[in-house]
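Asker: Next one to model:
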Amino acid sequence: MPALPAPVSRRPIHTRNIRFEGFLRDDGLWDIDCELHDSKSEPTEMRERGLLPPGEPIHLLRVRLTLDDSLTIRAVETAAVNAPFAECQLPAAAPMQKLVGLTMGPGWRKAIDGAIGGVAGCTHLRELVFNGATAAFQMIPHHRAKQRGQADDRTPDGKPPFYMGQCMTWAFDGPVVQRIAPMFYRPK
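Answerer: A predicted model of the protein is given here:
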């Protein structure tokens, strides 16, 4: 993959790092640990936290989603290590419990918005939870298929895997599906 073209002269101002880590628990459930870290490259005056030095987190938020094999959320834990306001600390955790029982899959964004959208929850925690689904999709089905001795392109019921038809690379009429999973290939 080619690199981006050289940029014009510039200086860093803001950095957002988002990280997801997936774990298989000893009880057979799965944990997705999600983290969002925002910082500035210059000293930043915060209304309630005072002057922050460069690199000090404006946001350092963590979410742990515990899932079962069907990608249903069984538990949610949150931590606001750093946030702009004291109100970001505790109140954000309670609404997150509305996610318990929801299943990641089609309509996931709408389900999140229904549970913790708008002023019912925290924008940044919603972002983590939404994108945490992609980490779950990368981890759980692949690991379970590997345990069954199956390739990722075969599901136990013979249907295409969830990711086919959801990305230009995995288009049913595309060369990757034709090459990797010809049983699901559908020419134009």
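
Asker: Let me know the secondary structure of residue 12.
Answerer: Assigned by DSSP: H, G, I helix; E, B strand; the rest coil, the conformation of residue 12 is coil.

Asker: and it, what does it touch?
Answerer: The contact partners of residue 12, taken as CB atoms under 8 Å, 6 or more residues apart in numbering, are residue 41. (Each C-beta comes from the backbone N, C-alpha and C, glycine too.)

Asker: cool, the one 4 residues further on as well?
Answerer: Listed by CB under 8 Å, 6+ apart, the contact partners of residue 16 are 36-38.

Asker: quick check, residue 73 in a strand?
Answerer: Yes. Counting by three-state DSSP, residue 73 is found in a strand.

Asker: Okay, domains of the chain per the record?
Answerer: 14-149, 158-188 (automatic domain parsing).

Asker: Columns distance to residue 5 and mean pLDDT on top of those, output as CSV?
Answerer: Listed next are those as CSV, based on distance: least, CB to CB, whole Å; pLDDT from 0 to 100:
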stretch, distance to residue 5, mean pLDDT
domain 14-149, 21, 93
domain 158-188, 23, 90
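
Asker: Any chance of TSV for those domains, columns distance to residue 3?
Answerer: Below are those laid out as TSV (distance: least, CB to CB, whole Å):
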stretch	distance to residue 3
domain 14-149	19
domain 158-188	20
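
Asker: can I assume residue 53 is in contact with residue 45?
Answerer: No. Look at residue 53 against residue 45 with CB atoms under 8 Å: they stay out of range, at 11.3 Å.

Asker: tell me which residues in stretch 89-109 are buried?
Answerer: 92-93, 95-96, 98-99, 102, 104, 108 (16 or more other CB atoms under 10 Å).

Asker: and if you look at stretch 130-149?
Answerer: 130, 132-133, 135-137, 139-141, 145.

Asker: and if you look at stretch 78-91?
Answerer: 78, 80, 82-83, 88.

Asker: after the helix ranked longest in the chain, next one along is what?
Answerer: Using DSSP state H to define each element, the chain has its longest helix at helix 123-148. Next along the chain after helix 123-148, taking DSSP states H and E as the criterion, comes helix 175-180.

Asker: which other helices and strands contact that next one?
Answerer: If contacts are counted by 3 or more CB pairs under 8 Å, 6 or more residues apart in numbering; DSSP states H and E, helix 175-180 sits against no helix or strand.

Asker: Put the alpha carbons of that helix into PDB.
Answerer: Extracted as PDB, the C-alpha positions of helix 175-180 are listed here (Å, rounded to 0.1, in the frame of the first residue of the first chain):
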ATOM      1  CA  PRO A 175     -12.600 -11.200  -7.100                       C
ATOM      2  CA  VAL A 176     -11.900 -11.900  -3.500                       C
ATOM      3  CA  VAL A 177     -15.100 -13.900  -2.900                       C
ATOM      4  CA  GLN A 178     -14.700 -15.600  -6.300                       C
ATOM      5  CA  ARG A 179     -11.200 -16.700  -5.300                       C
ATOM      6  CA  ILE A 180     -11.500 -17.400  -1.600                       C
END
